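[1] please find the sequence and the predicted model below.
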Amino acid sequence: MIDKHDIADEFNVKEHIVITESDALMALNTLPDATFKLVVSSPPYNLGKAYEMQTSIQQYLRWQTDIIKELARVVADDGSIIWQVGNFIDDGEVFPLDIYFYPIFKSCGLQLRNRIVWHFDHGLHATKRFSGRYEVLLWFTKSKTYTFNLDSVRVPSKYPGKLHYKGEKKGQPSGNPLGKNPSDYWAMISQEWEDGIIEIPNVKSNHPEKTSHPCQFPIELVERCVLALTNEDEWVLDPFAGVGSSLIAVIKNKRRGMMIDRDPQYITITKKRVLAFQDGVLKMRPLGKPVYKPTGTEKVTQMPSEWLNEKQEKLL
Ligand SMILES: C[S@@+](CC[C@H](N)C(=O)[O-])C[C@H]1O[C@@H](n2cnc3c(N)ncnc32)[C@H](O)[C@@H]1O
């Protein structure tokens, strides 16, 4: 049963869903202290995407420092911040943003709990360096007391039948009936977010969640964070929310959510997505659905015949 709450455009603790069209820093300045159990976001990476003006890395980090100071203020004392980042690239040189962000969060008194690697198999093919196939989620908490609902996010174990082989528990199952800890390496689909096409062998289809936003979160990525780090009815904030993927993850799991984005086009898409979710018609990839693995018999997994000769010649 989906709860249908109204959408408010300004934060009020009585609301359930808040969608604010604003500059992030301006909106954050108006929010009360110690309110959000979780802040989860993917900030602009300063790559000159459609939604950002590229500046120097120093200027970018000064702006982000002001944002993070505000986030440290508004996050609950037992709350968490998840900051999802990739690389900033300048003239072919790579600047891994998590390395730059770590000292900023530390200077705001936050403590790192995990540096999670989000691995995906698709993306641009680099020619002058190895192709990038992961990004990072930095998980910080405001204090030593924080929520971590491991049982809500366990994944199936590879060997559930494994037994203790010595000691008092010898012969008893050694794992957990709910599955294993998902670890700090998350292989989740990000399927061609650049062009919205998934290459399922012989079938080209649009990814169920894809909108016109150039770099959307998969909803399931945020769901894992929401389920592990918050409880029902608690507040979650995304200050750079794009088309509201985190908001969908939040309301799907009966939490309260606020999202901020300064782009009216993304705000409109978010509102439509929320309404579609409430009407039960939003297309989503189910949480934990295994990433498609080709069997090797599909045409796209076969080497083209003209390459076979070419390869042979190159090897000679
Ligand atoms: C990496 S995208 C986030 C995408 C999001 N995770 C999703 O699933 O759609 C960053 C977003 O930050 C927004 N943005 C950039 N500068 C901003 C600012 N100063 N204030 C608020 N939003 C901003 C952009 O419009 C963009 O949608």
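    That came through, no problem. Numbering: from 1, shown residues only.
[2] how far away is the residue lying closest to residue 72 once chain neighbours are set aside from the ligand?
    Once flanking residues are discounted, residue 72 sits nearest to residue 108: 3.9 Å by C-beta to C-beta, 6 or more residues apart in numbering. (Glycine included, C-beta is placed from N, CA and C.) For residue 108, the distance to the ligand equals 19 Å [C-beta to the nearest ligand atom, to the nearest Å].
[3] so what's residue 108 scoring on pLDDT?
    Looking at residue 108, its pLDDT reads 98.
[4] wait, it sits on residue 67?
    No. Residue 108 lies out of contact with residue 67 (C-beta atoms under 8 Å); the separation is 10.4 Å.
[5] element containing residue 88?
    strand 87-90 (DSSP states H and E).
[6] now what about that strand, what contacts it?
    45, 46, 47, 57, 60, 94, 95, 96, 97, 132 (C-beta atoms under 8 Å, 6 or more residues apart in numbering).
[7] try 7 Å this time
    45, 46, 47, 57, 94, 95, 96, 97, 132 (C-beta atoms under 7 Å, 6 or more residues apart in numbering).
[8] Serialize these to TSV and add fields for pLDDT.
    Formatted as TSV, the contacts of strand 87-90 follow (pLDDT from 0 to 100):
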residue	pLDDT
45	74
46	72
47	65
57	82
94	93
95	91
96	95
97	95
132	91
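[9] just the buried ones from those?
    45, 46, 97 (16 or more other C-beta atoms under 10 Å).
[10] the ligand versus the last one, what's the distance?
    When distance is defined by C-beta to the nearest ligand atom, residue 97 is 12 Å away from the ligand.
[11] so that residue makes contact with residue 85?
    Yes. The criterion here is C-beta atoms under 7 Å, and residue 97 meets it with residue 85 at 4.0 Å.
[12] next, show the common contact partners of those two.
    residue 45.
[13] the helix or strand where residue 73 lies near the ligand anywhere?
    Element membership for residue 73 (DSSP H and E) is helix 57-74. No. With C-beta under 6 Å from any ligand atom as the criterion, the ligand is not reached by helix 57-74; the gap is at least 7.9 Å.
[14] cool, stretch 279-286 as well?
    No. Stretch 279-286 lies apart from the ligand when judged by C-beta under 6 Å from any ligand atom; the minimum separation is 12.6 Å.
[15] buried stuff in that stretch?
    Quick answer for stretch 279-286 (16+ other C-beta under 10 Å): 282, 284.
[16] and the average pLDDT for that stretch is what?
    The model assigns stretch 279-286 a mean pLDDT of 84.
[17] the ligand contacts on the chain?
    23-24, 42, 44, 51-52, 213, 215-217, 240-243, 245, 260-263, 266.
[18] and those, which of them are buried?
    24, 42, 44, 51, 213, 215-217, 240-243, 245, 260-261, 266.
[19] from those, pick the one nearest the ligand.
    When these are ranked by distance to the ligand (C-beta to the nearest ligand atom), residue 242 comes first, at 2.3 Å.
[20] so the closest one sits in a strand?
    No. Assessed with DSSP: H, G, I helix; E, B strand; the rest coil, residue 242 is coil; it does not lie in a strand.
[21] now the strands for this structure?
    Secondary structure of the chain (DSSP state E): strands at 7-8, 17-21, 36-41, 75-85, 87-90, 93-96, 111-119, 134-141, 185-187, 197-200, 203-206, 235-238, 256-261.
[22] need these in TSV with distance to residue 175, can you?
    Compiled in TSV, these are given as follows (distance: least, C-beta to C-beta, whole Å):
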stretch	distance to residue 175
strand 7-8	43
strand 17-21	38
strand 36-41	28
strand 75-85	26
strand 87-90	36
strand 93-96	34
strand 111-119	21
strand 134-141	24
strand 185-187	18
strand 197-200	32
strand 203-206	36
strand 235-238	31
strand 256-261	34
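[23] closest to residue 172 out of these?
    strand 185-187 (28.0 Å; C-beta to C-beta).
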